[in-house]
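In: Using only what follows, build the 3D model:
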Amino acid sequence: TMVFHLGMSGRWRIDPSELGRHDHLVLETGKGHVLALNDPRRFGSVDLVDTTALDSFPPFAALGPEPLGPGLTVGHMAQAFAGRIAAV
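Out: Predicted structure coming up:
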């Protein structure tokens with residue numbers, strides 16, 4: 001699985017008329033479309049991660065449960081907010 005982070009100024013350009021100076025990754029699909037990862041400040045990143053290891057990939061491992069997934073339960077919320085008094 002390709003995981004990309006756009007950083008502060010990164011963006012994907014789809015079928016650009018020409019490649020720019022800050023197009024650091026260019027991919028071509030089987031149907032001939034061109035995807036260019038443009039990142040003038042170079043704060044973004046691209047990683048290839050085994051799909052079965054996505055949950056343990058460091059940037060994802062620290063995230064909470066998916067909002068619509070089975071892990072977001074009343075018990076999880078009670079534990080996450082235990083001892084806190086700040087407004088949400």
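
In: quick check, residue 4 in a strand?
Out: Yes - under DSSP: H, G, I helix; E, B strand; the rest coil, residue 4 falls within a strand.

In: Can you give me the distance of it to residue 83?
Out: To residue 83, residue 4 is 36 Å away according to CB to CB, to the nearest Å. Just so you know, the C-beta spots here come from the backbone N, C-alpha and C atoms, and that holds for glycine as well.

In: Below-threshold pLDDT in the chain: ranges please.
Out: Residues of the chain meeting the criterion pLDDT under 70: none.

In: Quick one: the strands in it, in order.
Out: For the chain, the strands defined by DSSP state E cover 2-5, 11-14, 23-28, 34-38, 45-48.

In: would a markdown table of those with distance to residue 64 be doable?
Out: Listed next are the strands of the chain as a markdown table, based on distance: least, CB to CB, whole Å:
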| stretch | distance to residue 64 |
| --- | --- |
| strand 2-5 | 18 |
| strand 11-14 | 26 |
| strand 23-28 | 29 |
| strand 34-38 | 27 |
| strand 45-48 | 21 |
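
In: And those strands: which comes nearest residue 58?
Out: strand 45-48 (9.7 Å; CB to CB).

In: rewinding a little: redo the strands of the chain as TSV? Include mean neighbour count and distance to residue 68.
Out: Formatted as TSV, the strands of the chain follow (neighbours: other CB atoms under 10 Å; distance: least, CB to CB, whole Å):
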stretch	mean neighbour count	distance to residue 68
strand 2-5	12	20
strand 11-14	13	25
strand 23-28	14	29
strand 34-38	18	28
strand 45-48	11	25
